[in-house]
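**Q** pasting the sequence and the predicted model now:
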Amino acid sequence: MREFKIANKVLNDNSPAFIIAEIGGNFTTFDEAKALIDAAVYSGADAVKLQTFKAETLASKDARYEMANTGNVSQFTLFQQYEIGKQMHQDIYAYAHSKNMEIFSTPSHINDVEMLESLGTSVYKIGSDDTSNLEFIRSVAAKHKPIIVSTGMCTALEVDEIVSVIMSTGNMNFSILHAITSYPTKHDIVNLNVIKSFQDRYPGVVIGYS
């Protein structure tokens, strides 16, 4: 059985769920971030996760979102509103660690990865929106740190390719998450049977849900 090592915990098929509280994109100030970390600690979460990006390297100024929770908005403007700089990252990492809370992030560009490396981040998350960006995934995997990959919008063969790319770097410390890229996700499209399919398809890999 392959184990997934994240921070000071080792997870396998017999482990209780490792709960990650997503706080990225839900704050614009340090005080708001602290409140979210405090709430995660209170709820018993094992970790909190940020989203590390710059609007300039993530979105076209012509692209738009049309979702129930955002309305019709410019992707660039929305991402610009929630992007956080290095100093804010440092402050948030330090506060999470002061609460004995594991913290890591989802980078969206190789520049984001290098900034997170400078902070000593211990884990990387690959978002569903980057699952076709195989060279980016290869670059992250080559850091030889634990990787968690969400697979929203992927076919089974595309997930096979992601797994192959990560393993080609010699990094065997990764976890695959079933994900539905629709926010908020309706109960009738969650399709949790995919978790069992992933367990059968990737024996020994720790599978989760995003």
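**A** Perfect, I can see it now.

**Q** how is residue 148 assigned, secondary-structure-wise?
**A** Classification of residue 148 by DSSP: H, G, I helix; E, B strand; the rest coil places it in strand.

**Q** and it, how far is that from residue 195?
**A** According to CB to CB, to the nearest Å, residue 148 and residue 195 sit 14 Å apart. (Each C-beta comes from the backbone N, C-alpha and C, glycine too.)

**Q** next secondary structure after the stretch of helix or strand residue 48 belongs to?
**A** Per DSSP states H and E, residue 48 falls inside strand 47-52. Per DSSP H and E, the first helix or strand lying C-terminal to strand 47-52 is helix 55-58.

**Q** show residues contacting that next one.
**A** 75, 76, 77, 79, 80, 83, 108, 109, 111, 112 (CB atoms under 8 Å, 6 or more residues apart in numbering).

**Q** help me confirm that the fifth one is found in a strand?
**A** In this case it means residue 80. No. With three-state DSSP as the criterion, residue 80 is helix rather than part of a strand.

**Q** for it, grab the count of nearby residues.
**A** Look at residue 80: counted by other CB atoms under 10 Å, it has 16 neighbours.

**Q** what do you get for the fourth one?
**A** Per other CB under 10 Å, the neighbour tally for residue 79 reads 21.

**Q** repeat that for the second one.
**A** By the criterion of other CB under 10 Å, residue 76 has 17 neighbours.

**Q** show residues contacting whatever helix or strand it lives in.
**A** Residue 76 is part of helix 75-82 when elements are defined by DSSP H and E. With contact meaning CB under 8 Å, 6+ apart, helix 75-82 is reached by 24-25, 27-28, 51, 53-55, 58-61, 63-65, 70.
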